[in-house]
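Novice: Sequence and predicted structure are below.
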Amino acid sequence: MTSPWESLQVGYFIGYAMWNYLTTPFLFTYQGVTSREGEQWTENGEVWHRLEVNFPPTIATHSAQQTFYFGDDGLLRRLDYNVDVNVGVAVAHYVGAYTEFDGIKVPTRRRVHRRNPDNSASGNWSIGVDIEGVWTV
């Protein structure tokens, strides 16, 4: 927390993070990834289905254990994890603004909030990622 990252560390973090973001849920099919259905979660009047996923050490990711929340439409709404590279800070990571590419819906907006002990998200987000631009395939 007190030592600034060098450009190589920042590049590594952004690289694995974006790779994870753009390959989920296909990433769940990789060798060594395990999952189990968790208890349902209600937020903003919606019931979300939780999937608890464990990643092997061969996959660079924020945390080996993460919880993914899916709506009834099958789209990811949120993921929870403790950020290993940031002293285990608990976060609630929301996704939205889905855009469809060749039939695959991809979230283009991400907002990361600190997660409270009751599993709720803090009011203000600390990290935001917006994917914008012209897409061609």
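Specialist: Arrived safely, thanks for sending.

Novice: With adjacent residues omitted, what lies nearest to residue 56?
Specialist: residue 32 (3.2 Å; Cβ to Cβ, 6 or more residues apart in numbering). Bear in mind the C-beta positions are built from the backbone N, C-alpha and C, glycine included.

Novice: is it fair to say that neighbour lies in a helix?
Specialist: No. Under DSSP: H, G, I helix; E, B strand; the rest coil, residue 32 sits outside any helix and is assigned coil.

Novice: Tell me how many other residues crowd it.
Specialist: Using other Cβ atoms under 10 Å, residue 32 is surrounded by 10 other residues.

Novice: Could you pull up phi and psi at it?
Specialist: Main-chain torsions, residue 32, degrees, to the nearest 10: phi 90, psi -10.

Novice: Check the one 10 residues further on too.
Specialist: Here the main-chain torsion angles of residue 42 (degrees, to the nearest 10) amount to phi -110, psi 130.

Novice: which strands and helices sit next to the strand or helix carrying residue 100?
Specialist: In the assignment (DSSP states H and E), residue 100 maps to strand 89-101. Under the contact definition 3 or more Cβ pairs under 8 Å, 6 or more residues apart in numbering; DSSP states H and E, strand 89-101 sits against strand 76-83, strand 104-115, strand 121-130.

Novice: try it again with 6 Å
Specialist: Where contact means 3 or more Cβ pairs under 6 Å, 6 or more residues apart in numbering; DSSP states H and E, strand 89-101 is packed against strand 76-83, strand 104-115.

Novice: in the least confident helix or strand in the chain by mean pLDDT, what counts as buried?
Specialist: Scoring the helices and strands of the chain by mean pLDDT, DSSP states H and E places strand 121-130 at the bottom, with a mean of 84. Buried residues in strand 121-130, defined by neighbour count with 16 or more other Cβ atoms under 10 Å: 121, 125, 129.

Novice: Stretch 40-48 now?
Specialist: Under the neighbour-count criterion of 16+ other Cβ under 10 Å, stretch 40-48 has 41, 48 buried.
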